[in-house]
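>>> structural data only, the sequence is not supplied:
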């Protein structure tokens, strides 16, 4: 009888042998990521450059909002990539999950490259953009919170052996996937797409749409990973631990709401900061339910149009705005 693969702590199966697969959801997420393949240079930015240079196309608060979001995401993507490569890949030894993690690491590199592309194209000061995690308190608070949440698995002496350590690993995975990628990114996404809906900075808006599509798959994989570990190690999922996770998510929501008020204090384009906060609470409930925890906020989605870019179940052709077509392997010229 072939031993069943386990998601972690598996000394029986060779991590280099990907077949036969146990976790078919990991394979699906990998294929979904491939289907969303993109690079920032494919998206035209000429209109964005003209608007950015114009004296009248953007208000000062809109410019500030764009800079703040570029500042947060430019370093947040590097933070998530480092956690992924240095820790998650180390402890998740299942081969099909590692295959997806490699894909995700590539996508994080694309996201980092996107903000380089935006800064270079618009002629922004990189020292200002890439130092906002030090100079903007609400950005610093979010980064510090995630670093604190995920510090255990960065310890070189950490191990996933034993109930307490498995629980700590799941705690950090929730910090990485559910909080960082599932909550802390979404007020900023909504702000940039609100601008795009008004024909402002459409190139940056399209790049954020692609990033959100990637992030929705990252989140789905992370939740499936967390749920699989819970299923295989049910002793970790105590009521006390569940209560702890709910409190961590509630704290994350407050930090994201503070960021929303700071980045958009007076509202813009008919959307006020409170609506961004309601959206954060709405998505937080979705994240809680995804890992089998009860809703906290019970809010309606104030931005149903966001689902067009984030929900894989939507029938919208996400690639309608593509300006180039990908080449298949058989048509590439070497």
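That came through fine. Treat the numbers as computed from the prediction; the structure is a model and nothing was measured. Numbering: from 1, shown residues only.
>>> now do the same contact list for residue 290.
With contact taken as C-beta atoms under 8 Å, 6 or more residues apart in numbering, residue 290 is in contact with 178, 219, 223. The way it works is simple: take the backbone N, C-alpha and C, and place the C-beta from them, glycine included.
>>> let me know the distance separating the first one from residue 246.
Right, the one you point to is residue 178. Distance of residue 178 to residue 246, given as C-beta to C-beta, to the nearest Å: 11 Å.
>>> host element of the nearest residue to residue 295 once chain neighbours are set aside?
Counting by C-beta to C-beta, 6 or more residues apart in numbering, the nearest residue to residue 295 once its immediate chain neighbours are dropped is residue 285, at 4.2 Å. If you go by DSSP states H and E, residue 285 is part of helix 273-290.
>>> may I see the buried residues of that helix?
Neighbour counts over helix 273-290 (16 or more other C-beta atoms under 10 Å) mark 273, 275-285, 287-288, 290 as buried.
>>> also stretch 129-140?
Neighbour-count burial for stretch 129-140, counted by 16+ other C-beta under 10 Å, picks out 129, 130, 132, 133, 136, 138, 139.
>>> can you give me the end-to-end span of it?
This stretch, stretch 129-140, spans 13 Å end to end (C-alpha to C-alpha, to the nearest Å).
>>> and the buried residues of stretch 129-140 as CSV, adding secondary structure, pLDDT and distance to residue 201?
Formatted as CSV, the buried residues of stretch 129-140 follow (DSSP: H, G, I helix; E, B strand; the rest coil; pLDDT from 0 to 100; distance: C-beta to C-beta, whole Å):
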residue, secondary structure, pLDDT, distance to residue 201
129, helix, 95, 15
130, coil, 93, 19
132, helix, 94, 18
133, helix, 90, 22
136, coil, 94, 20
138, helix, 95, 22
139, helix, 94, 20
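>>> and the helix holding residue 285, what's its mean pLDDT?
Averaging pLDDT along helix 273-290 yields 96.
>>> where's it relative to the chain centroid, distance-wise?
When distances are taken as C-alpha atoms, centre = their mean, to the nearest Å, helix 273-290 is centred 15 Å away from the chain's centroid.
>>> circling back to that earlier point, and the buried residues of stretch 129-140, which two are furthest apart?
Spatially, the most separated pair among the buried residues of stretch 129-140 is 130 and 138, at 16.7 Å (C-beta to C-beta).
>>> circling back to that earlier point, most neighbours out of the contacts of residue 290, which is it?
Greatest neighbour count in the contacts of residue 290, by other C-beta atoms under 10 Å, goes to residue 178: 26 neighbours.
>>> enumerate every residue touching that residue.
Residues near residue 178 by C-beta under 8 Å, 6+ apart: 219, 222, 223, 226, 249, 287, 290, 291.
>>> so the fifth one is in which element?
Using DSSP H and E, residue 249 maps to helix 239-263.
>>> buried sites along that helix?
In helix 239-263, counting by 16+ other C-beta under 10 Å, buried: 245, 248-249, 252-253, 255-263.
>>> ok, so of the residues you listed, who is nearest residue 119?
Residue 119 has its nearest neighbour among those in residue 263, at 18.0 Å by C-beta to C-beta.
>>> what residues does the closest one make contact with?
Counting by C-beta under 8 Å, 6+ apart, residue 263 touches 64, 65, 68, 69, 138, 187, 188, 191.
>>> among the residues you listed, which pair sits farthest apart?
Greatest spatial distance among the contacts of residue 263 (C-beta to C-beta): 64 and 187, at 14.6 Å.
>>> how about the buried residues of helix 239-263 in TSV, adding distance to residue 20 and pLDDT?
Below are the buried residues of helix 239-263 laid out as TSV (distance: C-beta to C-beta, whole Å; pLDDT from 0 to 100):
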residue	distance to residue 20	pLDDT
245	33	98
248	36	98
249	36	98
252	38	97
253	41	98
255	43	97
256	41	96
257	46	95
258	48	95
259	45	94
260	46	92
261	51	91
262	50	91
263	48	89
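>>> surely residue 171 is in contact with residue 152?
Yes: when contacts are counted by C-beta atoms under 8 Å, residue 171 is listed as touching residue 152 (7.3 Å).
>>> look at those two and report which has more neighbours.
Taking other C-beta under 10 Å, residue 171 and residue 152 do not tie; residue 171 has more neighbours (20 against 15).
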